[in-house]
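Asker: sequence and predicted structure below; questions after.
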Amino acid sequence: MNQSQQAIANLISRVEQSVVGQRHVVESLVLGLLTNGHVLLEGLPGTAKTRSVKALVDALNTSFGRIQFTPDLLPSDVTGTEVYQEVVNYSGNAKPQLHFQAGPIFNSIVLADEINRAPAKVQAALLEAMAEGTITVADETHQLPELFMVLATQNPIEQEGTYPLPEAQMDRFLLKVRVDYPDDDAELNIMRLVRSEETQDDEGDSLSAEPLPAIDPKWVFKARQEIAKVEVSSIAERYIVALIMATRHPQRYPNSKLPRWIQVGASPRASIALDKCSRAYAWLQGRNFVEPDDIRAVAHSVLGHRYTPSFDALAEGICATEIIDELLDHVVIG
């Protein structure tokens with residue numbers, strides 16, 4: 001294990017000190033960080049979605065911005081706006097001038113909390129930032145930080161007063177992660193963790209485990225350089241393409257339920273995302289080459305939000321996990 005792998009392993013360990021029973025969420029956040037992508041966390045209230053993001057920020061020595069999405073939010077509340085100022089010149093005269101006041105999007109890690117609570121025009125304010133790493137206001141383009149990631153959360157069951165994300169914007173998220181309730185042991189550990197955080201000694205220090213030091217973002221950039229060199233064999237490449245094509249042409253698999261469950265397949269962004277995430281996952285396992293199991297390990301988070309389910313699938317209550325399972329069961333390797 002080299003220095004950058006050790007640093008990222010320490011990052012994961014530190015986040016897991018604050019987030020119990022959600023290792024797949026922590027790994028997904030780190031995958032998004034390593035691949036310069038954005039992550040959508042979907043889960044019921046109280047499942048540590050926001051806490052996971054804050055734990056990641058605390059473990060990184062970088063800036064953080066939080067946006068609470070509400071129905072009355074405006075795009076300028078996200079991107080920033082030009083404000084009127086009077087600037088006094090050297091002769092003492094006041095001169096009117098417009099000055100750009102940056103919004104919370106100008107941070108390295110941005111939490112879009114309950115993103116489906118805001119209307120489409122506010123959701124769309126994130127599109128340029130997520131795709132280009134820039135924000136354009138009043139014909140002037142502003143560059144976002146080099147380390148930039150949007151982490152969004154949403155509630156899957158409460159639909160009153162919500163604005164579901166359109167398919168085009170869902171496709172901009174590298175990963176969509178389902179955050180479930182913890183099991184019995186994790187629930188017990190959560191109670192103990194919160195209790196220990198509430199119990200402080202006379203110096204005000206928490207009695208919980210001593211946190212690891214914050215990680216310098218330079219190790220993230222170093223890891224990205226190493227991930228770019230991870231080899232993908234022709235067999236792995238063809239497997240990625242076969243998975244994507246199975247969503248676009250499910251009739252190729254008449255013995256499966258895919259033709260009945262998938263209406264519109266995944267875009268080319270899906271194959272790019274699957275390639276990136278499988279390379280990052282292999283790197284996290286300490287390898288410099290991708291195995292088919294690496295592709296299968298990230299397939300649910302990468303592909304689960306990139307297709308349109310059919311009416312039959314919706315009527316039968318078929319979830320994304322079942323559809324991707326069916327996909328992985330019928331698409332052969334090689």
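Answerer: On my side now, so go ahead. Not measured: the values here are computed from a predicted model.
Asker: what residue lies at the spatial centre of this protein?
Answerer: Computing the C-alpha centroid of the chain and ranking residues by C-alpha atoms, centre = their mean puts residue 39 first, at 1.1 Å.
Asker: that one is in contact with residue 30, isn't it?
Answerer: No: look at residue 39 against residue 30 with C-beta atoms under 8 Å: they stay out of range, at 9.7 Å. Where you see a C-beta, it was placed from the backbone N, CA and C, and this is true even at glycine.
Asker: show me the shaky parts of the stretch 101-250 of the chain.
Answerer: Where the stretch 101-250 of the chain drops to pLDDT under 70, the residues are 157-159, 200-212.
Asker: where exactly do the helices run in it?
Answerer: Taking DSSP state H, counting those that start in this stretch, the helices of the stretch 101-250 of the chain run over residues 120-123, 127-132, 167-170, 184-198, 218-227, 234-248.
Asker: secondary structure class for the residue lying farthest from the centre of the chain?
Answerer: Ranked by distance from the centre of the chain (C-alpha atoms, centre = their mean), the top residue is residue 91, with 51.5 Å. Here residue 91 is coil, with the state taken from DSSP: H, G, I helix; E, B strand; the rest coil.
Asker: can you give me the pLDDT of it?
Answerer: For residue 91, the model assigns a pLDDT of 72.
Asker: how about the one 4 residues further on?
Answerer: According to the prediction, residue 95 has pLDDT 74.
Asker: that one contacts residue 85, correct?
Answerer: No: in this structure, residue 95 is not within contact of residue 85 by C-beta under 8 Å, at 9.3 Å.
Asker: can you count the residues close to residue 280?
Answerer: 29 (other C-beta atoms under 10 Å).
Asker: likewise residue 233?
Answerer: Residue 233, neighbours per other C-beta under 10 Å, totals 12.
Asker: from residue 76, how far out is it?
Answerer: To residue 76, residue 233 is 48 Å away according to C-beta to C-beta, to the nearest Å.
Asker: where does the closest residue to residue 156 other than its chain neighbours fall, secondary structure wise?
Answerer: Nearest residue to residue 156, sequence neighbours excluded (C-beta to C-beta, 6 or more residues apart in numbering): residue 42, at 5.1 Å. Assigned by DSSP states H and E, residue 42 falls within strand 39-43.
Asker: strands paired with that strand, and their directions?
Answerer: strand 149-154 (parallel), strand 175-179 (parallel) (DSSP bridges).
Asker: from the ones you listed, which stretch is densest packed?
Answerer: strand 149-154 (a mean of 25; mean count of other C-beta atoms under 10 Å).
Asker: so that strand versus helix 218-227, what angle?
Answerer: Angle between the axes of strand 149-154 and helix 218-227 is 100 degrees (criterion: axes from the mean of the first three to the mean of the last three C-alpha atoms, to 10 degrees).
Asker: which other residues reach strand 149-154?
Answerer: 29, 32-33, 36-43, 49-50, 53, 56, 108-116, 126, 129-130, 162, 165, 173 (C-beta atoms under 8 Å, 6 or more residues apart in numbering).
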